[in-house]
Each structure stands twice: as C-alpha cells, then as structure tokens.
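1. everything below, folded, please.
(one chain, ligands or ions: 1)
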Amino acid sequence: MSLPGLELAEASVESQYAAPPPTQVVLRPGSEWRFEIAFGLTIQVKLLTGTAELFGTELAQSQSYTFSGTKAAIYTWHGCTLEVSAGEGVALPNGFAPGGVSTEGGGGGGARGYGAGGCQSEYVAEETPMVEYANIHFALETMRQEAQDGGGRDGPRVLILGPESAGKTSLAKILTGYATKVDRQPVVVNLNPAEGMLSVPGTLTATAFRSMIDIEEGWGNSPMSGPSPVPVKLPLVYFYPMKSPMDGEGGVFKSIVSRLALSVTARMAEDDDAREAGVIVDTAGILGQGTPTALELIHHIITEFSISTILVMGSERLYSTMVKNYEQKPTSSASAAHSDERITVVKLSKSGGCVDRDEAFMKAINDSQIRSYFFGNAAMATTASAAAASTMALPSISSSSKITLSPHTQQLDFDLLALYNYTISSSSLDEDDEDEYDPSQFTTGDSYLPGGIDPSDYTPSQTTTTTEPSQTTTVTTTSYDPAATTSSTLETPPLKKLTPPLTLALSNTLIAITYAPTNAPLKDIQDSSIMGFVYVSDVDVEKKKLRVLAPVGGRMPAKALIWGKKWPGEVVGLVG
Ligand SMILES: Nc1ncnc2c1ncn2[C@@H]1O[C@H](COP(=O)(O)OP(=O)(O)OP(=O)(O)O)[C@@H](O)[C@H]1O
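-> Model prediction:
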C-alpha cells in the first residue's frame, strides 16, 4: 500500500510489462529454434504441427511445455510449427532476482526480453551439427547390434570430451534420447561435479536410462523428488564435494571414478540390456584443457570405463592429443583380449547454439537443482519457509502438475555425528584451509586395480560386493593390465572428522549421508555411495545442535556424513 502522492510502492516488473501474444515459429526441415529464458520467468512451448525434439527427446503434439532458467534448442528433422507464449512469472527465493541475478551475458537481463514469449534471446538457426550427431548415434547403434548378436563384444563405452560449454552434456542427452527411442537402456555417467545429473551439484552419478528424458527438467527426476509423469530414474550417487575434478591433483576424483566404474561394470555384467546399450560418459570442461593432470584423469576414465569411443567436441588440440594417445589402441576391457576391440577417436563440431553460462547463471542452476531436491520442482513457485518445512506431509501434485515436496526439519546433536570434511586445497578455498593440506600425509598407493583394490588381496577373478542395499551386486573383476594406466589412487583419503567446537560455517550447506558406518575407515567413507542429503538450516554453537532439513521424514541414519563445505558450498535462501 502506498501513500497518495508519495508513490512509495514500485510497480513490479511483471505489471510494468504486458506479456506478448503467443507467437508461431515455423521451422523448416533440419533447422532449430534456439531460446534463452531467464530464471524467475517462464515460457510455454507447444508443438502445433510436425515433429520436433529437444536435445534428442521428442515433443508430444499439443502438449504445453514450460521452461524457466533454460538455454536450449528445439530441432526438427521434418519441419514443424511451434507456438510460444509467455508463462507465469515465478517467485524466486530470497537473494534471487529474475534472470538468475546476472544482468549481462548468461544471466538473462532480470526482466522479460522482447523475443517470442518474453525470451531474452530466440532465433531460428539453419546450420546445426545434428546430422553429425545422428550419424554417431547410428554408428553406436551398429556396435550395440554387434554386442547383441554375440561374439564376446560389449556395447560402446563412449567418452565425451571438450572445453567448457562445447555442448558435451547436450550431446550426451541427444545420444541418450536417441538410444532410449530405439529401446536401448544405456548407462549415463556424469563425471562433471560442477553440475548434477538427477542429483545435486558435487555428485558423480551413473544412471541406467530405461525411459525418455524429461523435456522440461533437463535429465528428469530422481525418485527423491516424488511422483512424476515421466518415469523416474534411479541414479547411483557418489559425493565429490569439489568443483573441479583436478583438486588435490585428482586423487579423490580418481578414487571415486574407480568405484563408479566398478559399479557400472558390475551392472553390465549382470544386465544384458545395459551391456549391449553401453555407457555414455559426460565430463567436465576443465578436462578439455589438456594439462598433464587433466590428461592423467582422462586416461584414468578411459581405463576404468574401458572406453571404446572418444568423442571430442570444440577443440582441435585435444582431438589431436587423443588421436595420438588412443586411436586404434586396444581398449582396457577384459574382453578386448578376445575381441581385439580398439579405441576410436571422433571429432565432432560444436553447435553454434552453445552458449557460455556465466557464474551467476550457473549458481542459479545449481541452487535450483538443490532446491528441487528438497522441495520438488514446483518449489520456485513458493518461497519455502522453515515453518512449512517442519510439518509432515506427503508429496502433492500442484495445479501445474509439478511436484511439491514438504521436507522435514530435525535437530541433530553435533557430538553424536560422524561428520567428515575434505581437507584438499582448491582455487575456491578459504585461506584457513590451505594449510590443512599436507601431500606427504597421503601415500600414493601402487594399486592400479579397478576400484583401488589392494594388490595383495587381488586374485584374477576376485569377487567383491558393493555396499548399497538397493544396488547390491556381485562384482567379478577379471584380468586387468596394470601397465595400461599411470594413475594411482590415494591410500589415505584427505578426509578429517569435524571436532568441537561446532563451526558456524556449517550453516546453509549440504551434508551427504553415506552408506558407510560411522566408524568405517576413511577410504570406505570416501568410496561409499550416497543415501541422500540434508541441508543445515541453523547452527546453535552454544547448545551444539544443528537444525537440518531432509527431503523425507524419519530419523537420521547413523552413518558417516560428508560435508559439502567447498562445493556446492553455501546455498542461501533455501529456507527462511
Ligand atoms: N544447439 C543449441 N542451441 C541452443 N543452446 C544450446 C545448444 N546446444 C547447447 N546449448 C546450451 O548451451 C549451454 C552449454 O551446453 P552444454 O551444457 O551441453 O555444454 P557442456 O560442454 O556440457 O558445458 P560444461 O563444460 O559447462 O559442462 C547449455 O545451456 C545448453 O543448453
């Protein structure tokens, strides 16, 4: 309410702005409509005629798709007409302005743009690398067919490399979308801790894709986000609370990659559909820099996942290095000895549509991934309050058929927690942590075996059992060539148990609940997969209590916990 004449109340951005009428976008065969819509704003896109797809997943005709905080493209092979209209604005949590905070570059400008539906930017592009990408899909499909026909071969294990914003994740989505469309069930591995896949940032995951990708939600929903119209995916999640895989010389990253690869290999050994469809591995852009550490990490991934196809996008230099190091070299898989399987390196064009996403936009993406983990994907429609969060309720479907979760808060006694923190220095690290890192403390082991298995315990057909209840699998590791890798894993992980006094720095950060018991060895804690996450909403130093938010009710399991102090770091405005 404003006093007459004083004009104290400012008109909201939305009321200053009249939504543009729906626009029709006509696409010729082989072209795409590229659009950018800021956080806090939505557009609705409907396919009126023809066929169209978003990063390899087909749009259904006449269904309205809502996008917010998205930079993407809708491609058509045969031509189509789209209807684009402005959707409702959505309230953002504390500390956020529409547009993902930023007012330039990737952020989006903070108010509706003047493109169709209020997009910050939108245009039709006739030149796209989609034919190249489709050809890769057909080549992979041939390999899958060969694996299905027998002869000892496995399906393709694909590694996608390239600098930042080269379109690696988009290509992974396209290849996954095309594979699921022909009823394949590839395992998609995300090795980019900067952005989560079906999980929060700071996680490395593997997911068997049996059904289509969610058009609006990027990769879709994992079960922790409640019921969903598109079938949920069940990712195997490991916590890597650092933004760059190269932190601490890549020791922790390599160890977790080995665990993940071991689980994926186990899955392939027992699931024929997954074995035939193969693996698609998405990586962080920083590995595309070609530094010695980056090359060592790439080598580790290639060895552990027995990569058979390396796709390099947007970097001639990296492509040439990969050709030199790997083209026509035998893969490291056990069956290579029998099938004479060799690595192929392929160069792919970067799409002209790839956009750089500035820090602010990435922060908004990351925060929205975390928010939807706790509140469901309609969370942006309401600013959550701690009071609402403390009530117990089942997930409910809102009018927009999105899911609203009601997370629960509980108090934890700090003294009873087995909470660990990584002590590795990184570029984004606070000064006070720098001296915690002592490289001499970490002996570089001489274990070259997958999963860092101790050589003394190793026999050629050894059987190990993974710890996750829902993923309990028997892993049979067969012959493995130690000379095939130069990498090693850390014997003693740089993990330190948090001791009193309780630090206020825990406020507004994430804590991962591992499957490891509270008194497990550090290596087991590091290498354990993750049950879920809690968010620390309040710290009471005096009483030594933490108030945490969890997506589901019930007592906090007595397991070892890992603090996401450095990454994803502080997430303000989630509650309160
Ligand atoms: N053809 C396209 N048209 C419009 N936007 C696109 C297109 N291809 C990719 N993008 C967008 O460009 C951005 C960068 O693409 P993508 O995430 O695939 O790159 P990346 O190489 O995986 O990046 P990073 O190294 O940061 O993980 C994303 O927002 C993506 O949606």
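2. pull out the buried residues from stretch 205-220.
-> 205-210, 212-220 (16 or more other CB atoms under 10 Å). (Glycine included, C-beta is placed from N, CA and C.)
3. average pLDDT across that stretch?
-> Averaged over stretch 205-220, pLDDT sits at 80.
4. check whether it contacts the ligand.
-> No - judged by CB under 6 Å from any ligand atom, stretch 205-220 and the ligand are separated, with a smallest distance of 8.6 Å.
5. buried residues in stretch 62-79?
-> 65, 66, 67, 68, 69, 70, 71, 72, 73, 74, 75, 76.
6. using a markdown table, lay out these together with pLDDT and secondary structure.
-> Listed next are the buried residues of stretch 62-79 as a markdown table, based on pLDDT from 0 to 100; DSSP: H, G, I helix; E, B strand; the rest coil:
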| residue | pLDDT | secondary structure |
| --- | --- | --- |
| 65 | 94 | strand |
| 66 | 92 | strand |
| 67 | 92 | strand |
| 68 | 90 | coil |
| 69 | 89 | coil |
| 70 | 92 | strand |
| 71 | 93 | strand |
| 72 | 95 | strand |
| 73 | 97 | strand |
| 74 | 97 | strand |
| 75 | 98 | strand |
| 76 | 98 | strand |
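7. which members of those are the farthest-apart pair?
-> 69 and 76 (23.8 Å; CB to CB).
8. where do the helices sit along the chain?
-> Counting by DSSP state H, the chain has helices at residues 13-16, 130-148, 168-181, 251-270, 272-277, 292-304, 316-326, 336-339, 359-375, 386-389, 431-434, 522-527.
9. tell me the buried residues in the third one?
-> In other words, helix 168-181. By neighbour count on 16+ other CB under 10 Å, the buried set for helix 168-181 is 168-180.
10. pull the contacting residues for the nearest residue to residue 328 once chain neighbours are set aside.
-> If you skip the residues right next to it in sequence, residue 328 has residue 342 as its closest partner in space, 5.0 Å away by CB to CB, 6 or more residues apart in numbering. Counting by CB atoms under 8 Å, 6 or more residues apart in numbering, residue 342 touches 308, 328, 329, 330, 331.
11. show me what residue 342 is bridged to.
-> residue 330 (DSSP bridges).
12. if we can go back for a sec, which one (most neighbours) among the contacts of residue 342?
-> Using other CB atoms under 10 Å as the neighbour test, the contacts of residue 342 are led by residue 308, with 26 neighbours.
13. and that residue, what does it touch?
-> Applying CB under 8 Å, 6+ apart, we find residue 308 in contact with 143, 154, 156, 157, 158, 278, 331, 333, 341, 342, 343, 344.
14. try it again at 7 Å.
-> Residue 308 makes contact with 156, 157, 331, 341, 343, according to CB atoms under 7 Å, 6 or more residues apart in numbering.
15. around the ligand, pick out the residues from the stretch 301-450 of the chain.
-> Residues of the stretch 301-450 of the chain lying near the ligand (CB under 6 Å from any ligand atom): 351, 353, 354, 355, 357.
16. for the residue nearest to residue 410 when sequence neighbours are not counted, which residues are in contact?
-> In this structure, residue 410 finds its nearest non-sequential neighbour in residue 548, 6.2 Å apart by CB to CB, 6+ apart. Residue 548 makes contacts with 409, 410, 412, 534, 535, 536, 537, as judged by CB under 7 Å, 6+ apart.
17. lovely, talk soon.
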